[in-house]
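Peer 1: structure, please.
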Amino acid sequence: MIQPIYFPFTYVPQWVAEIFAAGFQHFYVYQPSGKDLPAEMQFWVEQNTITVCVPAPAEDKNFTEIVRAFQQFAQQHADIRDLKSAAFWNQQGAIPFFDDTSASQIIADLKKDRKPNSGQAYPEALLRARVFLEFAQEFDRQNAELQQELEDTDRRSEALLKNLNGQNDNEPAFARLTAEIKSDDPGDYMPLDRLLAWTRLFLKEPIDSGFLVTSSPTIFNFLVEDLVSDEKIFEFNGMPALASDDDALMDWREAFCQQIKNGVECKEPFAENTLAHRPPLPRQAEQFKLSVCCLPGCTPAQLFARFLKLPNGDSKKFSQTPGIKNTLIGLIERHP
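Peer 2: Modelled structure (predicted):
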């Protein structure tokens, strides 16, 4: 069974986990540290749906002290957003972090206003990326929680209006009390910083999967336009229902995953392999959309090493199994 890699986020919203569980059963998620996962993510780990990858050591005093120093700085400067602060420190050319007690050194970084002008040693760049991703994960968790609360309020307002007006469920709905809720894309916020930071983490320990999936249209469109603009995009307008386990749906999932696997491992042009001939969608499918494009002749590790513009000598050390011939990049969207 093909196991996709969720990127470039380390926090997994509930609706994303449900789609992955329905369509693929299992998927990978990277983490910047070995600290405890949010409870909603831990649930999916216990269900054997999420496989967590922590490339950096679980016990990392330096990392912990840096995160704590950023938190203290943010509390003292409420007008500065944690993620923005961490992102600035993640830039090339910032002053290196010399020891695990130099909170003042971090503050000096944040107050500097200069353009990147030099590279960083990979261990330092990785540490900076992990700090940024730590704050990004909390930002995404809070954002997803707020989004869920807004959607719950929206549903309650509609139910209240129906009850007050004696409306039947099959009658057209009245106008809602709240404005229409639109799904928020966390990738809209600092997309390049997120992608570069996540890439550092991925290249530290590349997973042997050629299928990368994001829930951010911003990230997907950026990669497609920048890297694979000439490739055909395949769209699947539905996935099996989460709780369904009858034979027809299991057969559909198996055939679908085999097509994705063929797309990753096939040497022939992607448009000619079996992904172009999609299995019929089961009636019990949820209305989730999956868009897939292909970068032929390139593994994810090679793609992201090139994306970071690493020297040839450095990029060669990032490798995956020979069975991965192409990189598939997917976008999942709910309620298309």
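
Peer 1: tell me which other helices or strands the helix or strand where residue 258 lies touches.
Peer 2: Assigning secondary structure by DSSP states H and E places residue 258 in helix 247-265. Packing partners of helix 247-265 (3 or more Cβ pairs under 8 Å, 6 or more residues apart in numbering; DSSP states H and E): helix 14-23, strand 234-240, strand 285-296, strand 326-334. Every C-beta, even on glycine, is put in place using the N, C-alpha and C of the backbone.

Peer 1: worst average pLDDT in those?
Peer 2: When the helices and strands packed on helix 247-265 are compared by mean pLDDT, strand 234-240 comes last with a mean of 74.

Peer 1: next, the angle from that one to strand 326-334.
Peer 2: Strand 234-240 runs at 50 degrees relative to strand 326-334, counting by axes from the mean of the first three to the mean of the last three Cα atoms, to 10 degrees.

Peer 1: what average pLDDT does stretch 57-71 get?
Peer 2: Mean predicted lDDT for stretch 57-71 stands at 73.

Peer 1: please apply the same query to stretch 202-216.
Peer 2: Taken as a whole, stretch 202-216 has a mean pLDDT of 94.

Peer 1: pull the CA atoms of that stretch into CSV?
Peer 2: Output of stretch 202-216 as CSV, limited to C-alpha atoms (Å, rounded to 0.1, in the frame of the first residue of the first chain):
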residue,chain,number,x,y,z
PHE,A,202,12.9,16.0,5.1
LEU,A,203,16.4,15.9,3.7
LYS,A,204,17.8,15.1,7.2
GLU,A,205,16.0,11.7,6.9
PRO,A,206,14.2,11.2,3.5
ILE,A,207,11.3,8.7,3.7
ASP,A,208,11.2,6.2,0.8
SER,A,209,8.0,7.4,-0.7
GLY,A,210,7.6,9.2,-4.0
PHE,A,211,4.1,10.6,-3.2
LEU,A,212,3.9,14.0,-1.5
VAL,A,213,0.5,15.4,-0.6
THR,A,214,-0.4,18.9,0.7
SER,A,215,-3.6,20.5,1.8
SER,A,216,-2.5,23.9,0.7
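
Peer 1: list the buried residues of it.
Peer 2: Buried residues in stretch 202-216, counted by 16 or more other Cβ atoms under 10 Å: 202-204, 206-207, 209-216.

Peer 1: same check, this time on stretch 9-25
Peer 2: So for stretch 9-25, counting by 16+ other Cβ under 10 Å, buried means 9-13, 15-25.

Peer 1: which of the residues you listed sit farthest apart?
Peer 2: Using Cβ to Cβ, the two most remote members of the buried residues of stretch 9-25 are 10 and 22, lying 21.5 Å apart.

Peer 1: just to check, residue 264 is in contact with residue 326?
Peer 2: Yes: with contacts counted by Cβ atoms under 8 Å, residue 264 reaches residue 326, the gap being 5.8 Å.

Peer 1: the more surrounded of these two?
Peer 2: Counted by other Cβ atoms under 10 Å, residue 264 and residue 326 do not tie: residue 326 has more neighbours, with 23 against 20.

Peer 1: lowest-scoring secondary structure element of the protein by mean pLDDT?
Peer 2: Every helix and strand of the chain was ranked by mean pLDDT, DSSP states H and E. The lowest is helix 103-111, at a mean of 45.
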